[in-house]
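Colleague: I would like the atomic coordinates for the input below:
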Amino acid sequence: MQDRIRERYYLTYPSHLIKEPILYRLVKKFDIVFNIRGASVSEEVGLVAVEFEGPARQVEAAVNWLRQIGVTVEPIEKNVIE
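Modeller: Numbering: from 1, shown residues only. Down below sits the predicted model:
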C-alpha cells in the first residue's frame, strides 16, 4: 500500500482556465481528495489555496498535470493555513 500524503498548494489560474472545472477533472483523473482552503477569483486570474490528499505518486502526478495545462502550482509553507 502506498503512503498517503497531505500537501497544500497555491494554484494560480490564468484567465482562459478560470471557468474550466479543473479540480473536478483532477479528482476524476487522479482519484485524490481535495479541500479548498481559500479562493479569490476575478476575470483576469484565479487564486486557490488547496489541500490534496492521496497516495504520494497520485498527488505528484496531479500537480504535474496542473502545471502542464497552465496552472501555476506553488507549495504552501507548513502551518500557513490551519
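
Colleague: any idea how far R67 is from V41?
Modeller: With the distance defined as Cβ to Cβ, to the nearest Å, R67 ends up 20 Å from V41. Heads up, the C-betas are built off the backbone N, CA and C, glycines and all.

Colleague: for V48, same thing?
Modeller: Taken as Cβ to Cβ, the span from V48 to V41 is 8 Å.

Colleague: joint contacts of those two?
Modeller: Y13 (Cβ atoms under 8 Å, 6 or more residues apart in numbering).

Colleague: who has more neighbours, those two?
Modeller: Counted by other Cβ atoms under 10 Å, V48 and V41 do not tie: V48 has more neighbours, with 19 against 12.

Colleague: and the more buried one, which helix or strand is it part of?
Modeller: Using DSSP states H and E, V48 maps to strand 45-55.

Colleague: who's in contact with stretch 47-59?
Modeller: By Cβ under 8 Å, 6+ apart, the surrounding residues in contact with stretch 47-59 are 2-13, 23, 30-41, 62-63, 76, 81.

Colleague: ends of stretch 19-38, how far apart?
Modeller: Terminal residues of stretch 19-38 lie 17 Å apart, using Cα to Cα, to the nearest Å.

Colleague: just list what the helix or strand harbouring V73 packs against, helices and strands only.
Modeller: Element membership for V73, per DSSP H and E: strand 72-75. Helices and strands touching strand 72-75, by 3 or more Cβ pairs under 8 Å, 6 or more residues apart in numbering; DSSP states H and E, are strand 4-14, helix 56-69.

Colleague: tell me how many other residues surround the nearest residue to D3 once chain neighbours are set aside.
Modeller: Distances taken as Cβ to Cβ, 6 or more residues apart in numbering place A56 nearest to D3, at 5.5 Å, with adjacent residues excluded. By other Cβ under 10 Å, the residues close to A56 number 12.

Colleague: now I18
Modeller: I18 - counted by other Cβ under 10 Å - has 14 other residues nearby.

Colleague: low pLDDT regions in the chain?
Modeller: Along the chain, the parts satisfying pLDDT under 70 run over 1-2, 78-82.

Colleague: which of the contacts of stretch 47-59 count as buried?
Modeller: Buried subset of the contacts of stretch 47-59 (neighbour count, 16 or more other Cβ atoms under 10 Å): 7-11, 13, 23, 30, 32, 34, 37, 62-63.
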